[in-house]
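Participant: Predicted model, plus sequence, below.
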Amino acid sequence: MKNKKEMTCIICPNGCRLEVIYGDSLIVKNALCPKGEEYASNELINPVRNLTSTVKVSNGELSLVSVRSNKPVPKEKMFEIMKILKDVELEAPVGFHQIVLKDILGSGADIITTREVKRVDKK
């Protein structure tokens, strides 16, 4: 049985509008480069995304620090990870690429900071 799906490839700036026919085999139409076919295959089998967000910081020069996953995480776990991050609070000082959460939800990805936040002692 053949199934058909349309998707936009997000790997490069071309943003190819792919027509994907799948079932016993995979046919990808409208891909301007080989990455489109790989993207379509991965998107059907195991869609993943890079996660970016923020977490709270106490006693820091900033009240939030940006974080990201150090590798893509399963798309299906994104909202659950975001719920977990909502309750995370780091104590300043915060280092660049500091691991916030290791192997989040068994994904193999760590959540890391993307900048430093210096400590501010309140008087």
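Facilitator: All right, it came through fine. Values in this document were obtained by computation on a predicted structure and should not be read as measured data. Numbering: from 1, shown residues only.
Participant: Now do the contacts for the spatially closest residue to residue 71 that is not a sequence neighbour.
Facilitator: When the adjacent residues along the chain are set aside, residue 71 lies closest to residue 109, with 4.8 Å between them (C-beta to C-beta, 6 or more residues apart in numbering). For the C-beta atoms, the positions are set from N, CA and C on the backbone; glycine is no exception. Contacts for residue 109 (C-beta atoms under 8 Å, 6 or more residues apart in numbering) come out as 51, 69, 70, 71, 72, 73, 103.
Participant: From those residues, which land in strands?
Facilitator: 69, 73 (DSSP state E).
Participant: neighbours of residue 94, just the number please.
Facilitator: 21 (other C-beta atoms under 10 Å).
Participant: what do you get for the one 10 residues further on?
Facilitator: Neighbouring residues of residue 104 were enumerated by other C-beta under 10 Å; the total is 20.
Participant: Who are the contact partners of it?
Facilitator: 69, 73, 77, 81, 84, 110, 111.
Participant: distance of it from residue 45?
Facilitator: According to C-beta to C-beta, to the nearest Å, residue 104 stands 21 Å off from residue 45.
Participant: quick revisit: pick out the most distant pair among the contacts of residue 104.
Facilitator: 77 and 110 (13.8 Å; C-beta to C-beta).
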